[in-house]
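A.B. asks: Got a predicted structure here, sequence first:
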Amino acid sequence: DMSEEALDAAVAETQKLLGAIIQKPKLTDALLKKPPFRFLHDIISEVNRVKGFPGGSVLTDFDMDSNNFKDKDSKVRIVILLDVNEIRCFPEVPPLSQVFISFSPLYTHAISRYCFVCAS
């Protein structure tokens, strides 16, 4: 797990990077330190809306509605979609299935950095 200092630094980096391209969801310290699935989904959906990444060929209208992801299996489904489409570009980032299932802040920040790099 991350130290409190490392987590604070990661949160600040995520707020700076993602804050430059999306206005919502609000990138609060609390949400970034303990990110729920809905928050992660909202980040990806908003990057997709604003920047067209990863795009409609990857995420369907169904995927863009977080209400369609109620259980672990459905959450894994969207992760597999993203994984298959090579959403991982940082070698230190574990498989995205671990991102959404563990809700680890480290993974949240890795996704955020990835979205920023790819959407910029």
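C.D. replies: Okay, I see it.
A.B. asks: Which strands or helices does the host helix or strand of residue 12 pack on?
C.D. replies: Using DSSP states H and E, residue 12 maps to helix 4-19. Counting contacts by 3 or more Cβ pairs under 8 Å, 6 or more residues apart in numbering; DSSP states H and E, helix 4-19 packs against helix 29-33, helix 105-119. Every residue, glycine included, has its C-beta placed from N, CA and C.
A.B. asks: Could you tell me how many residues sit around residue 10?
C.D. replies: 20 (other Cβ atoms under 10 Å).
A.B. asks: doesn't residue 109 make contact with it?
C.D. replies: Yes: with contact defined as Cβ atoms under 8 Å, residue 10 counts as touching residue 109 (4.2 Å).
A.B. asks: Please enumerate the shared neighbours of those two.
C.D. replies: Shared contacts of residue 10 and residue 109 (Cβ atoms under 8 Å, 6 or more residues apart in numbering): residue 32.
A.B. asks: got the angle between the host helix or strand of residue 40 and helix 4-19?
C.D. replies: Element membership of residue 40, judged by DSSP H and E, is helix 37-51. Between helix 37-51 and helix 4-19, the angle comes out at 30 degrees (axes from the mean of the first three to the mean of the last three Cα atoms, to 10 degrees).
A.B. asks: Using CSV, list the CA coordinates for helix 37-51.
C.D. replies: Extracted in CSV, the C-alpha atoms of helix 37-51 (Å, rounded to 0.1, in the frame of the first residue of the first chain):
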residue,chain,number,x,y,z
PHE,A,37,-16.3,2.3,-9.0
ARG,A,38,-18.8,5.0,-10.0
PHE,A,39,-16.1,7.7,-9.6
LEU,A,40,-13.7,5.8,-11.8
HIS,A,41,-16.4,5.1,-14.3
ASP,A,42,-17.3,8.8,-14.3
ILE,A,43,-13.7,9.8,-15.0
ILE,A,44,-13.4,7.4,-18.0
SER,A,45,-16.9,8.5,-19.3
GLU,A,46,-16.0,12.2,-19.0
VAL,A,47,-12.6,11.8,-20.7
ASN,A,48,-14.5,9.9,-23.5
ARG,A,49,-17.1,12.7,-23.8
VAL,A,50,-14.6,15.6,-23.8
LYS,A,51,-11.7,14.0,-25.7
